[in-house]
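In: Sequence and predicted structure are below.
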Amino acid sequence: MKKQVSYDSFINACRNCTNCDLAKTRTNVVIGRGANLNAPVMLVGEGPGEQEDLTGQAFVGRAGKLLDHLLTALMFNPEDYYICNIVKCRPPNNRAPSLEEAKACLPWLRCQVKYIKPKIIVCLGATALKYLVSQDARITQVRGNWVDRPGFFRIMPTYHPAALLRDPKKKEEMFLDMKKVREYLKTIS
Ligand code: URA
């Protein structure tokens, strides 16, 4: 209950955020979605697209539907995961967030990680990889390999589901990466 109360005040603070210019063009602040605030897996994308901006919900457009499909196919339970983004407001025309925008938003994501306390963070695509792992890492080179943050969580870099819509050949690789997540999850739950 205590956790829910403080999570609610976190949500309110995010909704009133004006830390960067994306606040001027957003319809809604998109904070995250998940059935469980103690979810062991946190998936982090880039930033809200048009559908997410309009609805206020993370990953509800085409890429989100594909992600849901993949998670269901791998028998993830909705209680297992929580989905959010590097930035919480839509960058105009779906461009990648700028360094300034990402830096302005990252303290909110850190706060979210403290609430959820995930055991696994999945970086969905290059933007999440850049801000959560390393500026120099390349998704095609590091995907599928665990990055350990001992005492905190393990990070699994994989493709952004939108990349699979553009290049369906990537589906199998992302499936294998998420299978590793599923298998590790089984060992800790
Ligand atoms: N792409 C993202 O990175 N995040 C969303 O919420 C939707 C699409």
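Out: Ah, there it is.
In: give me the number of residues near the nearest residue to I139 once chain neighbours are set aside?
Out: Take I139 and drop its neighbours on the chain: the residue closest to it by CB to CB, 6 or more residues apart in numbering is A126, 4.9 Å away. To be clear about C-beta, it is placed using only N, CA and C from the backbone, and glycine gets the same treatment. Residues near A126, counting by other CB atoms under 10 Å, number 18.
In: Now do A126, the pLDDT please.
Out: We note a pLDDT of 98 for A126 in this prediction.
In: same question, L43
Out: On the pLDDT scale, L43 gets 99.
In: same check, this time on Y7
Out: For Y7, the model assigns a pLDDT of 88.
In: That one is in what secondary structure piece?
Out: helix 2-15 (DSSP states H and E).
In: Give the buried residues for that helix.
Out: Across helix 2-15, burial judged by 16 or more other CB atoms under 10 Å covers 7, 10, 14.
In: what's it packed up against?
Out: helix 99-116 (3 or more CB pairs under 8 Å, 6 or more residues apart in numbering; DSSP states H and E).
In: Name the residues linked to the residue in the chain positioned nearest to the ligand by a beta bridge.
Out: In the chain, the residue that lies nearest the ligand is G45 (2.9 Å; CB to the nearest ligand atom). Here G45 sits in beta bridges with N85, going by DSSP bridges.
In: how about the strands in this protein?
Out: 33-34, 41-45, 81-85, 120-124, 147-149, 153-158 (DSSP state E).
In: tell me, how many neighbours does K114 end up with?
Out: If you count neighbours by other CB under 10 Å, K114 ends up with 10.
In: Kindly report the same for L71.
Out: Look at L71: counted by other CB under 10 Å, it has 20 neighbours.
In: Could you check how far it is from I83?
Out: Look at L71 and I83: by CB to CB, to the nearest Å, they are 9 Å apart.
In: Quick check: R15 touching T27?
Out: No: in this structure, R15 is not within contact of T27 by CB atoms under 8 Å, at 11.9 Å.
In: residues in contact with the closest residue to R62 other than its chain neighbours?
Out: In this structure, R62 finds its nearest non-sequential neighbour in L165, 6.1 Å apart by CB to CB, 6+ apart. Shown in contact with L165 (CB atoms under 8 Å, 6 or more residues apart in numbering): 62-63, 66.
In: Then K171?
Out: L164.
In: Please shift the residue numbers so they start at 49 in all later answers.
Out: All set: I'll call the first residue 49, so the last point we hit is now K219.
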